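Peer 1: Provide a 3D model corresponding to the input given below.
(one chain, ligands or ions: 1)
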Amino acid sequence: MSLDIRVATNQAPPLVGHNIVTTDAALVEAVTRHASAEVVEDLAPIGALAGTAEAREHGMLANEHHPRLTPYDRYGNRIDEVEFHPSWHWLMERAVGQGLAAAPWESDSPYAHVRRAAGFMAWSHTEPGHGCPISMTYAAVPALRADDAIAKEWTPLLASLSYDPGLRPAATKLGALAGMGMTEKQGGSDVRANVTEARRTSVEGEYTLHGHKWFTSAPMNDVFLVLAQAPGGVTCFVVPRVLPDGTHNRLDVVRLKDKLGNRSNASSELEFEGTLAHRLGDEGRGVRTIIEMVAATRLDCVLGSTSLIRRAVNEATWHTAHRSAFGSLLIEKPLMQNVLADLAVEAEAATALAVRLAAAVDNLNDPHEAALRRIALPLSKFWVCKRTPAAVAEALECLGGNGYVEESGMPLLYREAPLNSVWEGSGNVNALDVLRALGREPEALDAWITEVGRARGGDARLDRAVEETLALLGSLMGDPASMEVNARRLAVRMALCLQGSLLVRFAPAEVADVFCASRLGSSYDGVFGTLDGGDLRAIVERATPVA
Ligand SMILES: Cc1cc2nc3c(=O)[nH]c(=O)nc-3n(C[C@H](O)[C@H](O)[C@H](O)COP(=O)(O)OP(=O)(O)OC[C@H]3O[C@@H](n4cnc5c(N)ncnc54)[C@H](O)[C@@H]3O)c2cc1C
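Peer 2: Numbering: from 1, shown residues only. The predicted structure follows:
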């Protein structure tokens, strides 16, 4: 047989033309469980569009053509404009238009946050960078509620379905986007070390800011929640990018960060000198005020990481279902099935947890849900985000050399993978926040016990893991030094028990079985592909997208 080297054989076609929502069994089941089948139907168009070749192309282009800062115009006027590729705007317009920014806060639907969470996860398959301004816009609203008048001014614009970019006064816009400025050079996690100063003006509630921010993403957004030192201590401020008279507020964009990943998005260093700001909440209560925004962005870190894992697993199962080696499809090889099933179980567990967290936001008036969210959010942010780089790297390897090449899209996912663990409280900070919740809010631990207890009797390995986790907690309680040094161990175990309880209650038996055996039992060797038995074929089949 003669070979035509101009025609490639045994290469997987691009993974396009599939519905990212409806072909994700774990997502469909979780949304149906915590919302309804109608919500899945409502999400299907988002899944269809996100799976198109066009959307994939825009995702790639937005990452290839990085945002560019233009500090001055041609005449030397300071303008601080950031220019994005048209593909960025294409993605943003659809994300906002599909209600993935702050729309759920204005919705009457009892499932608005589950819908938005699932839509956000599906849409983030297109590319993850533009999720940053979308998330911050979503997250700003609960913090803005600290002040009725300010919330009334901004919420309708942030919840709008219109994407209206450009530096103009908010009142002239159809929709607005929000950002966050906490991190300074001398202190990120420790925001009490902030040195940016807020000086009162003669107008009640109005201040000027003097100082800087070391990281402020999406500097083209319309409004920022900023921490600064007021006379009464660290305080939260609302800082519009453009003032009502059309003049630019004094947010000098010093430079854009040259980042490992997240390259479609602009992350900037800012300087303030006489920047107009409105106090949000009381002086000295800034952390307490902005923590509402931080909590909501932490949810999005879980959603974003879950989306990265799912997209990577989709690519891995798709590729191996089309590529043969040594006489058969890779997906049929027993060892490859072990790797793929292990990855698929990780995606299942992350998805179940992510949607459960979003359901808690839909039901915050229920004390159990509010307490569960308090403890489950930092646990999940810690654990799901920590699993992401390992899962994405393993999925990339399933594509062999092709996975290491930019065109495959896998390097984009790989570069993005560590980010959700870094921002909005890095790993240790979230693990320590779990301790804070345990120490200060007894109802948080009760909520965790109630939640994991709902699966009691479903799997002996889960029951044992819960008992061991409580025993570990009991042995550490009362000894702050031991608690602190063991914070990650505790967070991992508590997160795994939560994931296990959801899978035991709701996932197919083969998925729950493998999860409990590997993550909660003793048979795990610390690397994907070391499952000790189970119905691997069924697990992989469930995780293989159908185009
Ligand atoms: C791409 C990108 C975009 C960002 N965008 C924004 C933005 O829009 N707005 C914004 O405000 N910030 C933003 N950040 C900043 C980000 O939130 C911070 O980098 C992060 O919170 C960590 O703060 P830091 O960099 O000062 O590190 P540090 O606070 O110095 O922490 C360094 C390490 O020490 C650990 N650590 C801290 N305290 C403790 C402790 N008590 N015990 C044990 N370990 C500890 C941390 O977990 C971390 O691993 C962005 C960062 C990145 C990478």
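
Peer 1: if I pick whatever residue of the chain ends up closest to the ligand, what's in contact with it?
Peer 2: As assessed by CB to the nearest ligand atom, the ligand sits closest to residue 188 within the chain, at 2.0 Å. The C-beta positions use only the backbone N, C-alpha and C, and glycine is treated the same way. Residues in contact with residue 188 (CB atoms under 8 Å, 6 or more residues apart in numbering) are 182, 214-215.

Peer 1: report the entries of these that also contact the ligand.
Peer 2: 182, 215 (CB under 6 Å from any ligand atom).

Peer 1: most neighbours, which of the contacts of residue 188?
Peer 2: Highest neighbour count within the contacts of residue 188: residue 182, with 28 neighbours (other CB atoms under 10 Å).

Peer 1: my read: that residue touches residue 191, true?
Peer 2: Yes: taking contacts as CB atoms under 8 Å, residue 182 lies within contact range of residue 191: 5.3 Å.

Peer 1: got any residues that touch both of these two?
Peer 2: Counting by CB under 8 Å, 6+ apart, the shared contacts of residue 182 and residue 191 are residue 227.

Peer 1: quick check: the residue of the chain closest to the ligand vs residue 68, distance?
Peer 2: From residue 188 over to residue 68 the distance is 26 Å, taken as CB to CB, to the nearest Å.

Peer 1: please apply the same query to residue 170.
Peer 2: Applying CB to CB, the value for residue 170 to residue 68 is 24 Å.

Peer 1: could you do residue 11 as well?
Peer 2: Taking CB to CB as the measure, residue 11 falls 35 Å from residue 68.

Peer 1: ok, now residue 233?
Peer 2: According to CB to CB, residue 233 and residue 68 sit 38 Å apart.

Peer 1: still on that earlier bit, tell me the confidence at the residue of the chain closest to the ligand?
Peer 2: For residue 188, the model assigns a pLDDT of 91.

Peer 1: let the chain start at 360 from now.
Peer 2: In the new count, where the first residue is 360, that last one comes out as residue 547.

Peer 1: buried residues in the helix or strand where residue 820 lies?
Peer 2: Assigned by DSSP states H and E, residue 820 belongs to helix 819-835. Within helix 819-835, the residues scored as buried using 16 or more other CB atoms under 10 Å are 820-822, 824-825, 828-829, 832, 835.

Peer 1: what's the helix or strand where residue 857 lies packed up against?
Peer 2: Assigned by DSSP H and E, residue 857 falls within helix 846-865. The contact analysis (3 or more CB pairs under 8 Å, 6 or more residues apart in numbering; DSSP states H and E) places helix 846-865 against helix 384-393, helix 693-721, helix 726-757, helix 786-799, helix 801-812, helix 819-835, helix 868-874.

Peer 1: winner for burial among the ones you listed?
Peer 2: Between those, helix 693-721 has the highest mean count of neighbours, a mean of 25, where neighbours are mean count of other CB atoms under 10 Å.

Peer 1: next, the angle from it to helix 801-812.
Peer 2: Relative orientation of helix 693-721 versus helix 801-812 (axes from the mean of the first three to the mean of the last three CA atoms, to 10 degrees): 140 degrees.

Peer 1: that older thread, more neighbours: which of residue 529 and residue 427?
Peer 2: Remark: of residue 529 and residue 427, residue 529 carries more neighbours, 19 against 12, as counted by other CB under 10 Å.

Peer 1: residues touching the more buried one, list them.
Peer 2: Counting by CB under 8 Å, 6+ apart, the residues that residue 529 touches are 512-513, 516, 535, 581-582, 599, 601, 603.

Peer 1: what about 6 Å?
Peer 2: 516, 535, 581 (CB atoms under 6 Å, 6 or more residues apart in numbering).

Peer 1: what of residue 489?
Peer 2: Neighbouring residues of residue 489 by CB under 6 Å, 6+ apart: 450-451.

Peer 1: count of residues packed around residue 725?
Peer 2: Residue 725: 11 surrounding residues under other CB under 10 Å.

Peer 1: need phi/psi at it.
Peer 2: When read as degrees, to the nearest 10, the backbone of residue 725 gives phi -80, psi 120.

Peer 1: what do you get for residue 602?
Peer 2: Main-chain torsions, residue 602, degrees, to the nearest 10: phi -80, psi 160.

Peer 1: please name the nearest non-neighbouring residue to it.
Peer 2: Closest residue to residue 602 apart from its sequence neighbours, by CB to CB, 6 or more residues apart in numbering: residue 608 at 5.4 Å.

Peer 1: what pLDDT does the closest residue to residue 636 other than its chain neighbours get?
Peer 2: Excluding the flanking residues, the one nearest residue 636 by CB to CB, 6+ apart is residue 596, at 3.8 Å. Looking at residue 596, its pLDDT reads 98.

Peer 1: show me which residues of the stretch 560-709 of the chain sit near the ligand.
Peer 2: Within the stretch 560-709 of the chain, the positions lying close to the ligand (CB under 6 Å from any ligand atom) are 574-576, 618, 621, 626.

Peer 1: which one among those gets closest to residue 690?
Peer 2: The shortest approach to residue 690 among those belongs to residue 621, at 31.1 Å (CB to CB).

Peer 1: element containing residue 575?
Peer 2: strand 565-576.

Peer 1: contact partners of the next helix or strand after that strand?
Peer 2: Beyond strand 565-576 on the C-terminal side, the first helix or strand identified by DSSP H and E is strand 582-589. With CB under 6 Å, 6+ apart as the test, strand 582-589 has contacts from 499, 502, 537-541, 550, 553, 555-557, 568, 593, 595-596, 598-599, 642, 645, 649, 652.

Peer 1: buried set for stretch 485-500?
Peer 2: For stretch 485-500, burial by neighbour count (16+ other CB under 10 Å) applies to 485-500.

Peer 1: repeat for stretch 407-427
Peer 2: Residues of stretch 407-427 classed as buried by neighbour count (16+ other CB under 10 Å): 407-411, 414-415, 417-422, 424-426.

Peer 1: so which elements touch the longest helix anywhere in the chain?
Peer 2: If you go by DSSP state H, the chain has its longest helix at helix 645-681. Applying 3 or more CB pairs under 6 Å, 6 or more residues apart in numbering; DSSP states H and E, one finds that helix 645-681 makes contact with helix 471-482, helix 490-503, strand 582-589, strand 592-599, helix 693-721, helix 726-757, helix 778-781.

Peer 1: how about a cut-off of 7 Å?
Peer 2: Contacts defined by 3 or more CB pairs under 7 Å, 6 or more residues apart in numbering; DSSP states H and E place helix 645-681 against helix 471-482, helix 490-503, strand 582-589, strand 592-599, helix 693-721, helix 726-757, helix 769-775, helix 778-781.

Peer 1: distance from the chain centre to stretch 455-468, please.
Peer 2: 17 Å (CA atoms, centre = their mean, to the nearest Å).
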